[in-house]
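Asker: Sequence unavailable; structure follows:
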């Protein structure tokens, strides 16, 4: 059975945004025989409620901590003034699935577009209108995307990926899990250097 490296994330997870540069390097340097599979974790269910001020403050504090922890990663704090923040990420996750339906490459493209909109451009990916705008910006068929965004199959796929995260005992994001046959291992995420992760993956594959 081919080994798989699962990458579990949420496009509105700020630590996933911070992990982006190292994740890209990791993906480029993985052994050729190792397949990476992306899973959407679905951090926060749909809601129309405004995020409580205390929660807004906690998330802003997390953004500042990420900026201190990961050199070169930045956030646009104007989001908190310009947008109506809601603790709601499932729509963004469904948008990645709806984009993926038009081609596998659009999974990463939509994830990146959502992250840049949220963290750099002070646009709200909890809003369908933002997600539809992003679909057009990355070259998707917007009408097909809009339909897929609310399709029952898209919601089912998100549920399936969230359940797979549970099966892999993933309870925070980003997460990396290496699976080879009946065995699986959580790979500690290093936000600044992919080498320790690569070394551990190589060791585990050699021993499997």
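Answerer: It's in. Quick caveat, the model's predicted, so the values are computed rather than measured. Numbering: from 1, shown residues only.
Asker: so what secondary structure elements neighbour the helix or strand harbouring residue 81?
Answerer: For residue 81, the host element (DSSP states H and E) is helix 79-82. Of the remaining helices and strands, none touches helix 79-82 by 3 or more CB pairs under 8 Å, 6 or more residues apart in numbering; DSSP states H and E. C-betas here are computed from N, CA, C, even on glycine.
Asker: For it, buried residues please.
Answerer: Buried residues in helix 79-82, counted by 16 or more other CB atoms under 10 Å: 79-80.
Asker: who touches that helix?
Answerer: 56, 60, 85, 118-119, 122-124 (CB atoms under 8 Å, 6 or more residues apart in numbering).
Asker: Centre of the chain to it, how far?
Answerer: In terms of CA atoms, centre = their mean, to the nearest Å, the centre of helix 79-82 is set 22 Å apart from its chain centre.
Asker: Now do the same for the spatially closest residue to residue 9 that is not a sequence neighbour: its pLDDT.
Answerer: Excluding the flanking residues, the one nearest residue 9 by CB to CB, 6 or more residues apart in numbering is residue 16, at 4.4 Å. Predicted confidence (pLDDT) at residue 16: the value is 98.
Asker: Where does residue 16 fall, secondary structure wise?
Answerer: Counting by DSSP H and E, residue 16 is found in helix 14-29.
Asker: same check, this time on residue 6
Answerer: strand 4-9.
Asker: follow-up on the earlier one: would you mark the buried spots in the helix holding residue 16?
Answerer: Buried residues in helix 14-29 (16+ other CB under 10 Å): 14-23, 26.
Asker: what packs against that helix?
Answerer: Against helix 14-29 (3+ CB pairs under 8 Å, 6+ apart) you get helix 53-69, helix 105-119, helix 195-207.
Asker: starting at the chain centroid, how far to it?
Answerer: For helix 14-29 - counting by CA atoms, centre = their mean - the centre lies 10 Å from the chain centre.
Asker: again with stretch 32-52
Answerer: 5 Å.
Asker: now the end-to-end length of that stretch.
Answerer: Start-to-end span of stretch 32-52 (CA to CA, to the nearest Å) is 46 Å.
Asker: cool, stretch 76-90 as well?
Answerer: Terminal-residue distance, stretch 76-90 (CA to CA): 22 Å.
Asker: where does the chain have low pLDDT?
Answerer: 1 (pLDDT under 70).
Asker: now do 90
Answerer: 1-2, 33, 181, 207-208 (pLDDT under 90).
Asker: And stretch 151-166, what's buried?
Answerer: 154-155, 157-158, 161-162, 164-165.
Asker: If anything else comes up later, I'll come back, but that's it for now.
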